[in-house]
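>>> Fold the following and give me the result.
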Amino acid sequence: MFTPKLLDNKDGYLALAAALAVCLVFPACSVSVKDHDSGDSKVDIETPIGGIHVNEEADVHDTGLPPYPGARQKPSSDGETKSANVNISSGLFGVKVVAIEYESDDPPGKILAFYRKRMTKFGDIVECHTDKHGGDMVARSGEHGSRPVSCEGDNSGNVVELKTGTEDNEHLVSVEPHGKGSDFAVVYIRTRGKQADI
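Numbers count the residues shown, from 1 in each chain. Sure, this is the predicted structure:
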């Protein structure tokens with residue numbers, strides 16, 4: 001749904017292979033891959049030019065927002081993780097994405113009201129409508145990054161996204177009706193340096 005597939009068993013091996021390829025180019029690097037019994041993985045790659053850190057056990061508090069009362073974190077399914085904390089940093093650029101997917105028995109309006117109150121501390125809230133979680137998200141940095149967030153695409157659909165902040169420091173809650181309840185994602189995106197499309 002919202003979070004890209006990061007590290008199921010197959011992807012964990014691919015991440016390790018990519019890490020080893022990076023180390024061939026940058027000999028002074030270290031790679032750490034930890035698989036937990038629960039199926040969650042953590043990959044840390046350090047090179048002379050920066051690091052890549054991926055953790056499937058994201059904490060909602062790292063998004064700057066609280067968990068919605070009674071919501072249940074969605075379990076991994078079909079090899080797709082529903083939680084991730086990704087941090088890529090170097091002297092030239094950096095990208096941090098924290099995303100967690102939830103399900104709730106409450107209707108979308110109740111969840112949106114809860115997060116509207118809590119997101120105001122980050123600035124004005126923009127409400128967008130899309131056909132899928134994440135829509136056409138673009139994270140920018142540099143001279144364009146300080147622009148306030150806005151809606152991308154045609155702004156129609158049954159998924160409601162609340163966005164606040166700037167294009168280089170954005171908080172987002174994406175809520176979709178699911179039966180009598182809702183599926184939703186809480187996301188934080190921060191970039192610095194070179195422009196990055198997510």
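
>>> Can you report how many residues neighbour S90?
As a burial measure, S90 scores 15 neighbours (other CB atoms under 10 Å). Just so you know, the C-beta spots here come from the backbone N, C-alpha and C atoms, and that holds for glycine as well.

>>> List the buried residues in stretch 163-179.
163-176 (16 or more other CB atoms under 10 Å).

>>> pLDDT (mean, whole number) over the helix or strand containing Y115?
If you go by DSSP states H and E, Y115 is part of helix 108-119. Mean per-residue pLDDT for helix 108-119: 98.

>>> Report all helices and strands that that helix contacts.
For helix 108-119, the packing partners by 3 or more CB pairs under 8 Å, 6 or more residues apart in numbering; DSSP states H and E come out as strand 159-166, strand 169-178, strand 181-193.

>>> Nearest to G70, out of the ones you listed?
strand 181-193 (10.2 Å; CB to CB).

>>> what angle do the closest one and strand 169-178 make?
Per axes from the mean of the first three to the mean of the last three CA atoms, to 10 degrees, the angle that strand 181-193 makes with strand 169-178 is 160 degrees.

>>> If you count contacts, what does strand 181-193 end up packed against?
Using 3+ CB pairs under 8 Å, 6+ apart: strand 181-193 touches strand 93-104, helix 108-119, strand 169-178.

>>> strand partners of the shortest one, parallel vs antiparallel please.
Strand pairing for strand 169-178, determined by DSSP bridges: strand 159-166 (antiparallel), strand 181-193 (antiparallel).

>>> which of these has the lowest average pLDDT?
Averaging pLDDT over each of those puts strand 181-193 lowest, since it has a mean of 90.

>>> Go through the helices and strands packed on strand 181-193 and name the closest to Q73.
Using CB to CB, those put strand 93-104 closest to Q73, at 5.7 Å.

>>> List the strands paired with the closest one, with their directions.
Using DSSP bridges, the strands paired with strand 93-104 are strand 72-73 (antiparallel), strand 83-90 (antiparallel), strand 181-193 (antiparallel).
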